[in-house]
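> structure, please.
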Amino acid sequence: MERIRMIGLGKSFGVRQVFSNVSFEIKEGDRIALVGPNGAGKSTLLKCILGIEELDEGQVVTSPVASIGYLQQDVNLGDASLAEEIETAWEDVHALEDKLHELTTYLETHEASESDLQRLDYLQNRLEWLGGYDYEQKTKRIVYGLGFTDEDLDKPANAFSGGQKTRINLAKALVRSPDFLFLDEPTNHLDMEMLEWLEGYLSSYRGGILIVSHDRYFMDRIVTGVVELDHHKATTYRGNYSRYVAQRDERLKADTIAYEKQQEYIKKTEEYIDKYRAGIKSKMARGRQSQLNRLERLEAPVTSHSLEFKFPPAAMSADKVLVLDHVSIGYGSGEPIIDDVSVVVRRGESVALIGPNGAGKSTMVKAIIGELLPADGYIDIGNRVQVGYFSQEHEELHNQWQVVDEIINNYNFTEEKARNVLGSFLFKGDDVFKLVGDLSGGERARLALLKLFLQGDNFLVLDEPTNHLDVPTREIVESALKQFGGTCFIISHDRYFLDQVSTRTLVLEDKGITEYLGNYSYYKEKLKEQNDIAALTAPVQESSQTVARGENEIILSKDESKKKTNTYMVEKQLAEVEEEIARLEATMKMYEVQLANPVVQQDLDEMSKLSKQIEDTQHDLDSLYEKWEHFSELLGE
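Residues are numbered from 1 along each chain as shown. I've put the predicted structure just below:
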């Protein structure tokens with residue numbers, strides 16, 4: 001079984017220690033989340049394991065034949081087309097093709113020597129092993145699975161949106177079906193539909209996966225273990241994210257009790273020593289001192305510093321805080337992005353607006369806050385409603401100002417008062433004199449949240465409020481919003497966050513809105529119920545469906561309608577089977593290479609284990625071949 005072992009890893013930048021003595025392992029089937037606050041060194045650790053950055057201490061042990069796919073954060077793409085960008089994942093295959101072409105061209109005009117034939121055999125086998133004979137088909141399966149079309153393949157990669165660029169980098173990481181996947185914030189910029197696709201894909205992935213993510217819902221559904229990196233140390237937990245949180249809290253509680261008991265013992269012992277240092281019990285006091293000197297002192301349990309705040313009491317407003325009455329919204333004279341939408345938001349509600357990227361969520365928010373006039377209908381803000389807006393782009397911040405000036409100039413605070421409130425949001429010391437334009441994404445989000453906190457509004461419109469925030473900060477924001485007495489209207493892809501704070505869900509798609517009277521998980525539950533009912537009733541309903549062909553009208557039989565309904569699903573299942581066949585065939589090649597190894601051949605236990613793995617894999621392949629034939633026949637019919 002392939003595995004990667006991290007043994008005593010350490011890294012520093014100058015005098016600043018990033019992490020020390022980090023040890024854990026990833027093996028086939030593991031899906032490990034690497035979590036911790038911003039700045040803890042998660043991305044640095046990832047790069048050190050991959051060899052992109054140099055370690056100061058420790059070692060990474062991995063098989064020389066193990067392949068690794070790596071998704072980086074926010075990689076800039078060039079002017080190459082999407083197809084050319086994906087092709088870079090196959091550079092080693094293309095290099096082999098060039099060598100093979102060069103050799104075969106040479107052999108056309110020269111007599112082949114024994115070494116030439118051996119090299120030809122090696123190159124052909126190696127090319128087959130790396131998937132060089134079907135890489136184009138495999139690439140297209142991944143690219144199509146990630147939502148791209150044939151037309152997209154010729155577009156420049158840098159012309160795509162942020163979410164599409166994330167998917168391009170995902171395709172480059174996934175297309176080779178490597179033994180290990182290293183994913184740094186894979187859910188950034190993905191809409192919920194694509195998040196669910198990625199969850200399904202990774203859940204069935206047979207290799208080992210190491211994920212850096214702040215998406216708690218994603219980690220709950222995917223990971224089998226968690227490595228927490230905090231205060232330069234790594235702690236390993238088994239289970240998903242929620243299980244990790246429970247174990248972490250239990251551990252912290254136990255460590256705190258143990259530390260407090262030891263401190264109490266030390267205090268009493270020191271008091272005894274001081275009292276009897278001289279006199280009849282001095283010998284006993286010296287004995288107690290010796291015991292105290294030998295005592296292994298426990299460190300005080302520490303947790304990451306996170307901001308602490310709560311919103312001031314919300315002022316009373318009208319019962320109807322926001323009314324959209326038959327509203328259509330668009331740009332210019334083109335088709336409206338949102339068409340004939342009616343919504344009422346009442347005082348005290350926390351309403352989530354979700355939908356795919358490009359559906360018009362941010363456009364709707366701009367209309368609500370008055371930046372965009374509706375093409376039709378009207379939008380009304382209730383009496384005594386004060387609107388506070390959190391923009392995901394943070395346009396309200398002034399890049400040329402210092403952080404402290406952002407507070408002084410907006411709220412007429414003294415420098416001392418401004419520094420005090422900034423300190424509560426983790427802007428310490430000279431951090432307050434940084435230029436706003438030089439802040440990281442997380443720092444900008446914290447500063448924008450602080451400004452929202454200081455305004456004291458009773459209706460908060462929040463556009464992706466958790467973007468760039470680490471998990472501890474997200475939890476603080478959730479806590480503050482749950483105790484906030486006002487009204488909230490929230491756009492977010494953070495499903496865990498929405499489960500915590502929303503009481504109603506609006507789904508924006510196909511220019512209209514569907515309403516669900518609960519949080520995100522409630523919406524998913526109801527959607528599943530609706531889909532189950534639709535699946536049961538669809539064949540009956542479609543049996544009497546009519547389809548116009550020229551001037552004639554043909555009644556579809558129940559069987560014909562059922563075939564028409566299931567074609568998409570059959571094609572999808574066929575693609576999944578082909579993907580799994582390719583992966584298992586590559587696995588068989590790997591086993592065959594191991595079987596030919598003289599060292600392995602001398603180890604009877606290893607040979608027995610390898611033979612069993614080959615037998616099991618062949619059995620799985622036979623089953624998949626049968627499925628492939630079945631689905632192919634269905635499509636042929």
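> go ahead and confirm M1 touches D30.
No. M1 sits out of contact with D30 when judged by CB atoms under 8 Å, with a separation of 10.3 Å. Just so you know, the C-beta spots here come from the backbone N, C-alpha and C atoms, and that holds for glycine as well.
> isn't M192 right next to P356, touching?
Yes. With contacts counted by CB under 8 Å, M192 reaches P356, the gap being 7.2 Å.
> just to be sure, Y205 is in a strand?
No. Per DSSP: H, G, I helix; E, B strand; the rest coil, Y205 lies outside any strand segment and is coil.
> how far away is it from D134?
19 Å (CB to CB, to the nearest Å).
> swap in K451?
55 Å.
> who has more neighbours out of those two?
Just comparing K451 and D134: by other CB atoms under 10 Å the higher neighbour count belongs to K451, 18 against 13.
> phi, psi of the residue nearest to A575 when sequence neighbours are not counted?
The shortest distance from A575 to any non-neighbouring residue, by CB to CB, 6 or more residues apart in numbering, is to R141 (5.5 Å). The phi and psi values for R141, taken as degrees, to the nearest 10, are phi -60, psi -40.
> wait, P186 touches L170, no?
Yes. Between P186 and L170 there is a contact at 6.4 Å, judged by CB under 8 Å.
> what do the two both touch?
L71, L198 (CB atoms under 8 Å, 6 or more residues apart in numbering).
> looking at the two, which is more packed in?
P186 (26 against 23).
> ok, now which ones touch the more buried one?
Here P186 is in contact with L71, T166, L170, L198, I211, S213 (CB under 8 Å, 6+ apart).
> can you get me a residue count around the nearest residue to the second one once chain neighbours are set aside?
Of all residues beyond its chain neighbours, the one nearest T166 is H189 (4.6 Å), with distances taken as CB to CB, 6+ apart. The number of residues packed around H189, counting by other CB under 10 Å, is 17.
> did I read that right, H189 in a helix?
No. Counting by three-state DSSP, H189 falls outside a helix, being coil.
> for it, give me its contacts.
Contacts of H189 (CB under 8 Å, 6+ apart): S161, G162, G163, K165, T166, N357.
> if you set the cut-off to 6 Å instead, what comes out?
G162, G163, T166 (CB atoms under 6 Å, 6 or more residues apart in numbering).
> stretch 236-254 - what's its average pLDDT?
Throughout stretch 236-254, pLDDT has a mean value of 92.
> no wait, stretch 448-457
88.
> likewise stretch 334-342?
88.
> span of it from start to end?
In stretch 334-342, first residue to last residue: 21 Å (CA to CA, to the nearest Å).
> what residues does it touch?
With CB under 6 Å, 6+ apart, stretch 334-342 has contacts from 324-330, 360, 363-364, 375, 511, 513.
> got it, and stretch 407-419?
V404, V432, L454.
> cutoff 7 Å now
W401, V404, V421, L422, V432, K451, L454 (CB atoms under 7 Å, 6 or more residues apart in numbering).
> just stretch 283-301 next, same as before
For stretch 283-301, using CB under 7 Å, 6+ apart, the contacting residues are L252, D255, T256, A258, Y259, Q262, I266, T269, Y272, I273, Y276, R277.
> what subset of these is buried?
Among the contacts of stretch 283-301, those buried by neighbour count (16 or more other CB atoms under 10 Å) are T269, Y272, I273, Y276.
> can you redo these as CSV with pLDDT and secondary structure?
As requested, the buried ones among the contacts of stretch 283-301 are exported to CSV (pLDDT from 0 to 100; DSSP: H, G, I helix; E, B strand; the rest coil):
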residue, pLDDT, secondary structure
T269, 91, helix
Y272, 89, helix
I273, 89, helix
Y276, 85, helix
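> understood, closing this out.
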